[in-house]
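Engineer: Following is a predicted model, sequence given first.
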Amino acid sequence: MKKLKIGVKQNLDSLGSLIEELKKSSNEIGAITIFVGIVRGTRENEKVIRLEYEAHEALASQIIEKIINEQKTKHDILDAVVEHRIGSVMVGEDVMYVLVASKQRREGRVALSEIVERIKFEVPIWKKEITEKDSYWVENA
Amino acid sequence: MSTSWGDWLMNKNGVRKITVKIRYFGKLRELLGVKDETYIVKKGATVADLLLDHVPNRHSNVSKDWKETLFRTLKGEHLQEKNGTPVLKNYLVIVNGKSAQLKDCLKEGDDMAVMPPFGGG
């Protein structure tokens, strides 16, 4: 692990720049596995307009760092990047990037899946879904 | 004796007071209409004292919703542990970045956050 990049921010960096940055961090990287979270346009039968995210930013960054460090030990990944937006995010826009760099693809895939799941349940981020009819605080379950 | 924020305070009866900050997120921030606020409370006050008394007393217009949102109830009554402590729903209380229990005593300058279940991703 050369550098940990974590962000809970208004706008995400470009996926291309994050990939390039990761590639430069080590010449041992053989795979970069990526998750892109996107705002879905429907909630059951309702049309979604946007999502509004807020976070305890300092604590969120600390917990994401802890999750990544634990995954490094558990799955021997080389590096990882997590960026999550806060504020208003429209349907179709990217809301979260998780990139995992590893020597082989298998450990990257497993670590990526675990990081995404843990972010949903362990990181202090909240979202409100604004639909055509109403608005709802969404709790991950 | 100084009475600025962060200093020890003492009221007319000589009872020591402490200042604590509370931050709210998600539906709780929306319910109370504030992101954070400061309380001056008696030394020895617990997390439960803040959540069950001080906050609902200050926000009396939404005190019922506050308690119903945060604590488990049965037929309108708050459920309690054997020791009398009320039972939080799946909300998290953080003090100075670390998980806290309702019975924990607060200290001068504590930074407390009350967090609904998470919804990131």
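Structural biologist: Looks like it arrived, so ask away. Residues are numbered from 1 along each chain as shown, chains lettered A, B, ... in the order given.
Engineer: Bridged to A:Val81, which residues?
Structural biologist: With DSSP bridges as the criterion, the beta-bridge partners of A:Val81 are A:Lys5, A:Leu99.
Engineer: tell me which parts of chain A are close to chain B?
Structural biologist: Applying the criterion Cβ under 8 Å from any Cβ of the partner chain, the portion of chain A that neighbours chain B consists of A:37, A:53-56, A:58-60, A:62, A:84, A:95-96, A:116, A:119-128, A:137-140. All C-beta atoms are positioned from the backbone trio N, CA, C, and that covers glycine.
Engineer: from those, which ones fall inside helices?
Structural biologist: A:58-60, A:62, A:116, A:119-122 (DSSP state H).
Engineer: Give me the buried subset of the residues of chain A next to chain B.
Structural biologist: Burial by neighbour count, 16 or more other Cβ atoms under 10 Å in any protein chain shown: within the residues of chain A next to chain B this picks out A:37, A:53-56, A:59-60, A:84, A:95-96, A:116, A:119-120, A:122-128, A:137-138, A:140.
Engineer: Can you give me the neighbour number for the residue of chain B found nearest chain A?
Structural biologist: Here the residue of chain B nearest chain A is B:Gly120; by Cβ to the nearest Cβ that distance is 3.1 Å. Look at B:Gly120: counted by other Cβ atoms under 10 Å in any protein chain shown, it has 26 neighbours.
Engineer: quick one, strands of the chain?
Structural biologist: Assuming you mean chain A. For chain A, strands defined by DSSP state E occupy the ranges A:5-9, A:31-38, A:42-43, A:46-55, A:79-85, A:87-90, A:94-102, A:125-131, A:135-138.
Engineer: hmm, I had chain B in mind actually
Structural biologist: B:9-10, B:16-24, B:36-42, B:73-74, B:77-78, B:92-95, B:98-99, B:111-115.
Engineer: what would those look like in JSON lines with distance to chain A and mean pLDDT?
Structural biologist: Supplementary listing: the strands of chain B in JSON lines, determined by distance: least, Cβ to the nearest Cβ, whole Å; pLDDT from 0 to 100:
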{"stretch": "strand B:9-10", "distance to chain A": "27", "mean pLDDT": "60"}
{"stretch": "strand B:16-24", "distance to chain A": "7", "mean pLDDT": "96"}
{"stretch": "strand B:36-42", "distance to chain A": "11", "mean pLDDT": "97"}
{"stretch": "strand B:73-74", "distance to chain A": "18", "mean pLDDT": "84"}
{"stretch": "strand B:77-78", "distance to chain A": "22", "mean pLDDT": "80"}
{"stretch": "strand B:92-95", "distance to chain A": "7", "mean pLDDT": "96"}
{"stretch": "strand B:98-99", "distance to chain A": "10", "mean pLDDT": "94"}
{"stretch": "strand B:111-115", "distance to chain A": "6", "mean pLDDT": "97"}
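Engineer: Could I get the ones you listed in TSV, plus columns for mean neighbour count and distance to A:Gly30?
Structural biologist: Listed next are the strands of chain B as TSV, based on neighbours: other Cβ atoms under 10 Å in any protein chain shown; distance: least, Cβ to Cβ, whole Å:
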stretch	mean neighbour count	distance to A:Gly30
strand B:9-10	16	61
strand B:16-24	19	43
strand B:36-42	15	46
strand B:73-74	11	55
strand B:77-78	11	56
strand B:92-95	18	39
strand B:98-99	10	38
strand B:111-115	20	39
